[in-house]
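Visitor: Quick one: sequence plus predicted model below, questions after.
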Amino acid sequence: MLSVVVAIGALAAYVLLLRVAVVRNHPEGYVVAFALAMALAALAVGRARARRWPAWLALGLSSLLLVGGAWFNFVVARVPDAPTVLRVGERPPDFALPDAAGRPVSLADYRGKKPVVLVFYRGYW
Amino acid sequence: MAELQGLGAQLSEAERAGVEIVAVSPDPNERSQKLAEGLRLGFRFLADRDLAVARRYGLVHAGGGPDGQDVPRPATVVLDRDGVVRWFSISRNFQVRPDPDDVLRAVRAL
């Protein structure tokens, strides 16, 4: 029972707290929580005398989450390194892209006016 | 988006006026506009539909999308008033983004 709470709780907390940098930037936390849940379930399987199936179920669920979570964090989420043109102290190439209203905005528009925080993101994440 | 929300929440009014946050993604314009309105933050959302800019910057994760399409590598770049790069961070794991405190420190150091 405790195992299921730990596993589901870790998943829910991670998703809900994506906005909090400390939580978001330590995704290995949910992998650790799933491992803990699996250990608790294994313990429960060992200790249960009569009705053993709930403990086995918890063990199955937590091990699935552990494998899935580890695979996602260490394989799927990995971004391969590649050379970038960005260099501290240098001006990056200028560009012009349409804003939400369709007006072209270029990096040079801000030169001499405002500092810019340029964020490349995937859109849905 | 969680990253932009975090950054927006930590910027004071004055800082929001003094720095432009330019968010570039392959998202269609309409969707970015909705995001901007939902957040009620003065960000400029630019549509890099074909990833031409991400590619020129060396910020493409080939085949990294959910359907195997190319997607940008999440990156944050702080440019000073002269358009010179002062700080940047590129994610090695797409769940991980720079801490807003680090970004703000770079902005405040300008």
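Guide: Alright, I've got the coordinates.
Visitor: going forward, measure contacts between C-alpha atoms and count neighbours the same way
Guide: Fine.
Visitor: Do a quick rundown of the strands in chain A.
Guide: Along chain A, counting by DSSP state E, strands occupy A:96-98, A:104-106, A:116-120.
Visitor: can you give me how far stretch A:54-64 is from the chain middle?
Guide: Averaging C-alpha positions (Cα atoms, centre = their mean, to the nearest Å) puts stretch A:54-64 23 Å from its chain's average.
Visitor: Can you give me the buried ones in it?
Guide: Buried residues in stretch A:54-64, counted by 16 or more other Cα atoms under 10 Å in any protein chain shown: A:55-56, A:58-59, A:61-63.
Visitor: Out of those residues, name the ones that lie in helices.
Guide: A:55-56, A:58-59, A:61-63 (DSSP state H).
Visitor: Would you check which pair of those residues lies furthest apart?
Guide: Based on Cα to Cα, the longest span within these runs between A:Ala55 and A:Ser63 and measures 12.1 Å.
Visitor: For the chain, just list every one of the helices.
Guide: Answering for chain A, as no chain was given. All helices of chain A, identified by DSSP H, fall at A:2-16, A:21-24, A:28-47, A:53-71.
Visitor: let's do chain B instead
Guide: Using DSSP H, helices in chain B cover B:2-10, B:13-18, B:29-39, B:52-56, B:100-108.
Visitor: what's the neighbour count on A:Gly68?
Guide: Neighbour count of A:Gly68, defined by other Cα atoms under 10 Å in any protein chain shown: 13.
Visitor: Distance check, the residue of chain A most remote from its centre against B:Thr76.
Guide: Residue distances from the centre of chain A (Cα atoms, centre = their mean) peak at A:Ala50, which lies 39.2 Å from the mean C-alpha position. Per Cα to Cα, to the nearest Å, A:Ala50 is found 56 Å from B:Thr76.
Visitor: beta partners of the residue most central in space within chain B?
Guide: Central residue of chain B (Cα atoms, centre = their mean): B:Ala23, 4.1 Å from the mean position. Beta-bridge partners of B:Ala23, counted by DSSP bridges, are A:Val119, B:Phe45.
Visitor: Verify the stated contact: it with B:Ala54.
Guide: No: counting by Cα atoms under 8 Å, B:Ala23 stays clear of B:Ala54, with 11.8 Å between them.
Visitor: ok, now which ones touch the nearest residue to B:Ala62 once chain neighbours are set aside?
Guide: The spatially closest residue to B:Ala62, leaving aside those adjacent along the chain, is B:Asp70, at 4.5 Å (Cα to Cα, 6 or more residues apart in numbering or on different chains). Neighbouring residues of B:Asp70 by Cα atoms under 8 Å, 6 or more residues apart in numbering or on different chains: B:60-64.
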